[in-house]
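*Asks:* curious how this folds, go ahead:
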Amino acid sequence: MVWWEYPTNYSSGTAVDGVGKFFIKYPSHILNDYFGAGFILLLWISIFGISLSSGSRKAMFLASFISSIFAIWFWILGVLNPVIIFGLIILTIVGAIGSKEEGL
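*Replies:* The predicted model follows:
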């Protein structure tokens, strides 16, 4: 038995009136190319910094290779532009050629 009703905005549930409804209603606005590119950039910088500070001479190769694997996965999910994958593959090749004379 209902004595009162919730207030409504007469929008049939299409209005975005909070952060939670924004994430549920418009996932394409939060899962776009910038999300994937930012995550890959953060991953590349983290791996590069950690491997360079640990003394690895193949830091660029390692960071680019691991980031390209994650980039391919994000591209399959649809949140990354394929141009970033090609850039990471080029960085992987440059890193491998540049450090082929050095040890681990």
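*Asks:* elements contacting the lengthiest helix in the chain?
*Replies:* For the chain, the longest helix by residue count, based on DSSP state H, is helix 33-53. On a contact count with 3 or more Cβ pairs under 8 Å, 6 or more residues apart in numbering; DSSP states H and E, helix 33-53 meets helix 59-77, helix 82-98. Yep, even glycine has a C-beta here, placed from its N, CA and C like the rest.
*Asks:* low-confidence bits of the protein, can you list those?
*Replies:* Applying pLDDT under 70 to the chain flags residues 1-33, 102-104.
*Asks:* try it again at 90.
*Replies:* 1-38, 55-58, 74-82, 98-104 (pLDDT under 90).
*Asks:* phi, psi of residue 54?
*Replies:* Per-residue torsions, residue 54: phi -90, psi 0 (degrees, to the nearest 10).
*Asks:* for residue 58, grab phi and psi.
*Replies:* Dihedral pair for residue 58: phi -110, psi 40, per degrees, to the nearest 10.
*Asks:* quick check: it touching residue 95?
*Replies:* Yes: using Cβ atoms under 8 Å, residue 58 is in contact with residue 95, at 6.7 Å.
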